[in-house]
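*Asks:* The sequence and its predicted three-dimensional model are supplied below.
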Amino acid sequence: MSLYGTMRTGVSGMNAQANRLSTVAENIANSSTVGYKRASTEFSSMILPSSSGSYNSGGVQTQVRYSIADQGATTYTSSASDLAISGGGFFIVEGANGQEYLTRAGAFVQDDQGNLVNAAGFTLMGYEYQAGVDPTVVVNGFDGLTKVNLASEGLTATGSTAGLMGANLPSGAANGDVFTTSLIVYDSQGNTRILDFNYEKLADNQWELEIIDRTSSTSLGTATLDFDADGVLTTSPATLTLNGGAISPIAGTGAVLNDIDIDFSKTTQLGTSFTPDGGKIDGNAPSKISGYQIDSDGVVYIKYANGELEPRYRIALANVQSPDKLVPQSGNVYSQGVDSGVIITGFAGSGSFGTILSGALESSNVDIADELTSMIESQRNYTANSKVFQTGSELLEVLVNLKR
Amino acid sequence: MSLSSAIAIAQSAFSTTAQQTATVSKNVANASNADYSRRMAMLGTTAGGAQIVSIYRAQNEALFKQNLASISQSSAQSSLLADLEILKSALGGNDYETAPSTYLSAFRNSLQTLASTPGNSTLAATVVADATDLANSISNTSAAVQDLRLGADKQIAEAVDNLNALLARFEIANNAVKSATAAGTDTTAALDDRDKLLKQISELVGISTVTRANNDTVIYTTGGTVLFETLARQVSFTPTSAYGATTTGNAILVDGVPISAGSGADTTAQGKLASLLQLRDDIAPTFQSQLDEMARGLVELFQEGGSPGLFTWADGNVPAAGTIEAGMASSLIVNPLAKSNPFLLRDGGFNGVVSNADGASGYTDLLDGYIAAMDTDMTFDAATGLDGTSSIMEFAAASIGWFEQIRSAASAAAENKTALLARTEEALGNVTGVSIDEEMSLLLDLEQSYKASAKLISTVDAMMAALLEAVR
């Protein structure tokens, strides 16, 4: 029976090479597909039991492998919503059927709803920020994920709650000298109020800071600033809580001013002119959305026209123990397979997850030169296998011709 | 590494070289733009291995601040000098031919001539004519000084409008810088624009800047008052429509705090506004007070019987000695009686007190008295800034001397400050300016690297072709 066995072995070899050619064909076809991971074939021998006198030729078994963990080259694009992962991990995307998949194909663009959808029609998923607090991850599942939506919302404003103001007070000033600077603060509806900072010299090494709302001339708080012989502030704690409620709302607005903590620890008293350091205050005036920005940790910021950034979503990443064993699906997505291990979700920049590059794409990891050499190799192997089959067939013919 | 990645890298080299070339061409195009800072396209690689180009802007914070200070000083000094030159030309130019002191000596000379031939009616008429010229000169100079103050006031109003407009534009430019910085996009153009506005603002007022998070800039005046912080602060000024010697101009308020005027001929003023204030509120009023004292001195010298004689003024009295009578110079005139009868000067009688009752043609007592009095020390108000005890002749000469000293000191200071400005601009330009030679050599480099990338691509292409040839 070994002649038939030889022919079958040849057929199995041809099959195996055909499989290999198929993967080469697919790789070449997808050599420009963003996030595509090359398929390769590995062969394993199948050996039949043989006795010492006769040999029973076996066959070859094909196994297709995917180099999913092998990173493709990063290329830069001009779109901020084109995302690439540098390192491990996958984007979590949702298909039209509502099912979550993993992918490395990050060519996302906004659809008519404002959702980020990639070239294969999968929607990017992430966790939403609630009141600016970093969201919590559900490590072992897809619960809590929402579609990342960049639809422009209206205006927003944030009231001021804390700030700092430092200045050098001229040590040579006469008692009673007053120096004034001012700072803009925002009320709960984003209206601006000007606070005047009046520094009045009371005595040597002692000043009084009074903060006054300019519009209503209401004093919001005073602090005595004491300096040591070196001009260093000794008042502690060096903060002043302004009573925002003391200012009546701007007529007809109903907006309130929060209590504001002003840190004046950077005040000095040295022998030079009055020099305020610029101060700093949180909060912002109402502003239109002018775009979005995605940082390397996957935080999606909404960008306002005045330059403020507000975190809105955090893109979730997922990974498995054996990424190469994920089950590929159409559209460059992968689903969990029996051998891949369970899916773990997390954020970029932590654990085994890489960082997210905005405005970049991960190219396919196919190398045409490699594929062409494989192609030549399998072509030769296929021919050799066909020769085995042909030889078996010819020998059989000889055998058949013995019987007349 | 593979052939595919080799070709991809060569492709990215094309795009980076193209961006670098674009930067070079932008630099060359802006080579003569004083407000442009040179851009440098720096190459780098990211964690992903891809090449990127980041655009840096040549800048030097310390030199820029020094440049702003130089602009302020130079602008203040040249504005002061320009106005002093205007007054100088009103006084007759280089030799001060139309200054009161010139007319005063002419008047004294003709008075002496009359004293030698007191009967000559033509000479008497000449003295009255010279007296009229002197009175006109004093009142005209007074008018010119007040015109100068009015002009300064108008310039202040204009400059304040301009400053408010610049601050409004600064808000837009500052927001552009903040937003570009926050978004990580190209900030260079916005920074150029903002720096240009800072230069223009510093021409008007001396400033210091503080940069906060996100490249947000706060502008203070050199006195520490806020000009811009998140929003522009209001700079307010109410112009005065007419100026007399007693008029006081309004202050310029920045955020409610008045801007202080400069002082000295080599002015401490930074920015045009402070020097205009100095001219309007210090130099011009002092000069005016000197003219007022001259007028008062003349009225006092030529008084008859306690009332004005040859010289009189709007009030018609002889004011108290040694005290400025503000605005007196503007209304100084020659008594109209002297024009109809020039011999009143010789004989007296403007107020009915006739010294030469019989009209003797050789009578010179009064004339001699006047001539002697003009050379005798009298008391002037110390507020004029001149010697309080001197003859009127000396006082008039000292007044012009005072003015010329201020003007020449201002002129010398203006030269120094312009030179300093030129030096700092040059130093800043050396750091931030575009050098065409440098850009051209850079362009040659880029051309070579572009050619090398092209060579890479064609080589990889040939290798691929060889491989494809093998597939049959």
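*Replies:* Thanks, I have the structure now.

*Asks:* quick one: low-confidence ranges for chain B?
*Replies:* Low-confidence segments of chain B (pLDDT under 70): B:1, B:46-51, B:472.

*Asks:* The residue nearest the centre of chain A and chain B, how far apart?
*Replies:* Nearest residue to the geometric centre of chain A (C-alpha atoms, centre = their mean): A:Gly298, 2.4 Å. According to C-beta to the nearest C-beta, to the nearest Å, A:Gly298 and chain B sit 14 Å apart. C-beta here means a position set from N, CA and C on the backbone, and glycine is covered the same way.

*Asks:* Now that residue: phi and psi?
*Replies:* phi 80, psi 10 (degrees, to the nearest 10).

*Asks:* B:Leu227: what's its closest spatial neighbour, skipping adjacent residues?
*Replies:* B:Ile219 (4.3 Å; C-beta to C-beta, 6 or more residues apart in numbering or on different chains).

*Asks:* next one: A:Tyr129
*Replies:* A:Pro311 (4.8 Å).

*Asks:* Give the next helix or strand downstream of the helix or strand encompassing the one you found.
*Replies:* Secondary structure from DSSP states H and E places A:Pro311 in strand A:309-319. Going down the chain from strand A:309-319, the next helix or strand is strand A:327-329, by DSSP H and E.

*Asks:* Average pLDDT for that next one, rounded please.
*Replies:* Taken as a whole, strand A:327-329 has an average pLDDT of 92.

*Asks:* Pull out the buried residues from that strand.
*Replies:* Buried positions in strand A:327-329, judged by neighbour count with 16 or more other C-beta atoms under 10 Å in any protein chain shown: A:Pro328, A:Gln329.

*Asks:* Can you tell me what sits against that strand?
*Replies:* A:Lys37, A:Ala39, A:Tyr66, A:Ile68, A:Tyr101, A:Tyr334, A:Ser335, A:Gln336, A:Gly337, A:Ser340 (C-beta atoms under 8 Å, 6 or more residues apart in numbering or on different chains).

*Asks:* now do stretch B:455-465
*Replies:* Here stretch B:455-465 has contacts from A:Ile368, A:Ala369, A:Leu372, B:Leu3, B:Ala6, B:Ile7, B:Ala10, B:Gln11, B:Ala13, using C-beta under 8 Å, 6+ apart.

*Asks:* again with stretch B:137-150
*Replies:* With C-beta under 8 Å, 6+ apart as the test, stretch B:137-150 has contacts from B:83, B:86-87, B:90-91, B:98-100, B:102-103, B:240, B:242-245, B:247, B:249, B:279-280, B:284-285, B:287-288, B:291-292, B:294-295, B:298, B:327, B:329-333.

*Asks:* Helices along the stretch 1-150 of chain B, start to end?
*Replies:* Taking DSSP state H, counting those that start in this stretch, the helices of the stretch 1-150 of chain B run over residues B:3-29, B:61-90, B:100-116, B:121-183.

*Asks:* The third one packs against which elements?
*Replies:* The reference is to helix B:100-116. Judged by 3 or more C-beta pairs under 8 Å, 6 or more residues apart in numbering or on different chains; DSSP states H and E, helix B:100-116 is in contact with helix B:121-183, helix B:284-301, helix B:365-374, helix B:392-432.

*Asks:* which of those helices sits most buried?
*Replies:* helix B:284-301 (a mean of 25; mean count of other C-beta atoms under 10 Å in any protein chain shown).

*Asks:* just checking, what packs against that one?
*Replies:* helix B:100-116, helix B:121-183, strand B:311-312, helix B:365-374, strand B:378-379, helix B:392-432.

*Asks:* make it 6 Å
*Replies:* helix B:121-183, helix B:392-432 (3 or more C-beta pairs under 6 Å, 6 or more residues apart in numbering or on different chains; DSSP states H and E).

*Asks:* Output these in TSV, with distance to A:Val178 appended to each entry.
*Replies:* Formatted as TSV, the helices and strands packed on helix B:284-301 follow (distance: least, C-beta to C-beta, whole Å):
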stretch	distance to A:Val178
helix B:121-183	24
helix B:392-432	32
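
*Asks:* can you tell me which of the ones you listed comes nearest to A:Phe197?
*Replies:* Between A:Phe197 and the helices and strands packed on helix B:284-301, the tightest spacing by C-beta to C-beta is seen for helix B:121-183, at 19.8 Å.

*Asks:* what angle sits between the closest one and helix B:100-116?
*Replies:* Going by axes from the mean of the first three to the mean of the last three C-alpha atoms, to 10 degrees, helix B:121-183 is angled at 170 degrees with respect to helix B:100-116.

*Asks:* following helix B:121-183, which helix or strand comes up?
*Replies:* According to DSSP H and E, the helix or strand after helix B:121-183 is helix B:188-204.

*Asks:* among the contacts of stretch B:455-465, which ones are buried?
*Replies:* Neighbour-count burial (16+ other C-beta under 10 Å) applied to those gives A:Ile368, A:Ala369, A:Leu372, B:Leu3, B:Ala6, B:Ile7, B:Ala10, B:Ala13.

*Asks:* I'd guessed A:Asp82 sits against A:Ser363; true?
*Replies:* No: contact criterion C-beta atoms under 6 Å: A:Asp82 and A:Ser363 do not qualify, at 11.8 Å.

*Asks:* Check the gap between A:Pro311 and chain B for me.
*Replies:* 13 Å.

*Asks:* count of residues packed around that residue?
*Replies:* 17 (other C-beta atoms under 10 Å in any protein chain shown).

*Asks:* For it, list the residues it contacts.
*Replies:* A:Tyr129, A:Val299, A:Tyr301 (C-beta atoms under 6 Å, 6 or more residues apart in numbering or on different chains).

*Asks:* Could you rank those by neighbour count and give me the top one?
*Replies:* A:Val299 (22 neighbours).

*Asks:* before we move on, the earlier item: mind giving me the ChimeraX command for buried ones among the contacts of strand A:327-329?
*Replies:* Buried members of these, defined by 16+ other C-beta under 10 Å, are picked up in ChimeraX with:
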select /A:37,39,66,68,101,334,336,340
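
*Asks:* Closest one to B:Ala165 out of the contacts of strand A:327-329, please.
*Replies:* With C-beta to C-beta as the yardstick, the closest approach to B:Ala165 among the contacts of strand A:327-329 comes from A:Tyr101, at 57.2 Å.

*Asks:* what number of residues lie near residue 58?
*Replies:* You didn't pick a chain, so chain A it is. 16.

*Asks:* look at chain B instead
*Replies:* If we define neighbours as other C-beta under 10 Å, then B:Ala58 has 17 of them.
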